[in-house]
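Undergrad: below is the sequence, then the predicted model.
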Amino acid sequence: MGGQFATESPGQLLRIIQLELQFDIKKIPGEVGPCYMVTVDGLFQGYIKKEKSGMFRQLMNSNFTNEDMAVINYELKKIS
């Protein structure tokens with residue numbers, strides 16, 4: 001799944017980010033519900049879990065920024 005995403009940071013111009021995202025469902029011991037391994041542009045980035053609210057959050061040692069999580073939630077909302 002790929003896409004272009006517009007981001008804007010304080011004091012910066014609007015920039016376009018093009019990413020290739022891949023979500024692989026994984027069974028993680030002790031976690032209930034869908035968990036995914038996230039790969040960005042072919043590189044493993046971490047794990048996420050779907051909460052009861054329908055939003056995804058980071059798991060274990062994942063180090064996603066708020067911007068990363070916004071893009072991930074946006075993309076997964078389109079397909080789920």
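TA: Alright, I've got the coordinates. Residues are numbered from 1 along each chain as shown.

Undergrad: contacts only, for I28.
TA: For I28, the contacting residues are C35, Y47, K49, L59, by C-beta atoms under 8 Å, 6 or more residues apart in numbering. (Each C-beta comes from the backbone N, C-alpha and C, glycine too.)

Undergrad: ok, 7 Å please
TA: Residues in contact with I28 (C-beta atoms under 7 Å, 6 or more residues apart in numbering) are C35, Y47, L59.

Undergrad: and which of these is nearest I72?
TA: Y47 (11.1 Å; C-beta to C-beta).

Undergrad: for E51, what are its contacts?
TA: For E51, the contact set (C-beta under 7 Å, 6+ apart) comprises R57.

Undergrad: so how far is L19 from it?
TA: According to C-beta to C-beta, to the nearest Å, E51 and L19 sit 23 Å apart.

Undergrad: quick revisit: in helices, which of the contacts of I28 appear?
TA: If you go by DSSP state H, these have nothing in helices.
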